[in-house]
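Asks: pasting the sequence and the predicted coordinates here, then a few questions.
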Amino acid sequence: MNIRNKAATAEEGRDYLVIYSGLEKPDEASIRKLLEDAGCVIDELVITSAAKIAAANLNPCDFDVVIVLLDDALVEDSDIEQIIFTAAQGDCPVIGVWAPGQSSKAIHPAVAKYGRAQVPWSAEHLADALGTHCPTPYQTPSGDHSTPHRIKHNKC
């Protein structure tokens, strides 16, 4: 049952796609705990790298929520933009979550353009971003306001 665009009840879970960068897959138990502590009911949890999405023929629109695990290197990675754009076109919320131990103060350009929020590794912040109340949508790993993303204006 696709429950996108409506709140999930305790009996209904959601399908989550978690995208990471780098060579090492993040710990599924810690991601599951973060989601559950944020009040998420999980039907399906897929954790994969951006590079493997095309190879596995995964469509981000097949999921109810796309979470991008942000790290300092991913802020510079432009390859993730197409995945986030596709999810946003399919009305699938995209939330950037800073992986533990990160220090960047930037907003990932693709998350700034197409995402709902960028939050620290915190169940409270994630719950706010997934709900209707997100007082500070773009945050650093420590929960401070992110440095604004410069937008290059088209002179037309």
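Replies: Sure thing, it's come through. Numbering: from 1, shown residues only.

Asks: every contact and neighbour count from this point should use C-alpha atoms.
Replies: Fine.

Asks: list the helices and strands the helix or strand bottoming out on mean pLDDT in the chain packs on?
Replies: Scoring the helices and strands of the chain by mean pLDDT, DSSP states H and E places helix 50-55 at the bottom, with a mean of 82. On a contact count with 3 or more CA pairs under 8 Å, 6 or more residues apart in numbering; DSSP states H and E, helix 50-55 meets no helix or strand.

Asks: neighbouring contacts of it?
Replies: Applying CA atoms under 8 Å, 6 or more residues apart in numbering, the external contacts of helix 50-55 come out as 19-21, 59, 79-80, 83.

Asks: may I see the buried residues of it?
Replies: For helix 50-55, burial by neighbour count (16 or more other CA atoms under 10 Å) applies to residue 50.

Asks: restricting to C-alpha, output it in CSV.
Replies: C-alpha atoms of helix 50-55 as CSV (Å, rounded to 0.1, in the frame of the first residue of the first chain):
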residue,chain,number,x,y,z
ALA,A,50,24.3,6.6,-4.9
ALA,A,51,26.5,4.6,-7.3
LYS,A,52,24.6,1.4,-6.8
ILE,A,53,21.1,3.0,-7.3
ALA,A,54,21.5,3.0,-11.1
ALA,A,55,23.1,-0.4,-11.2
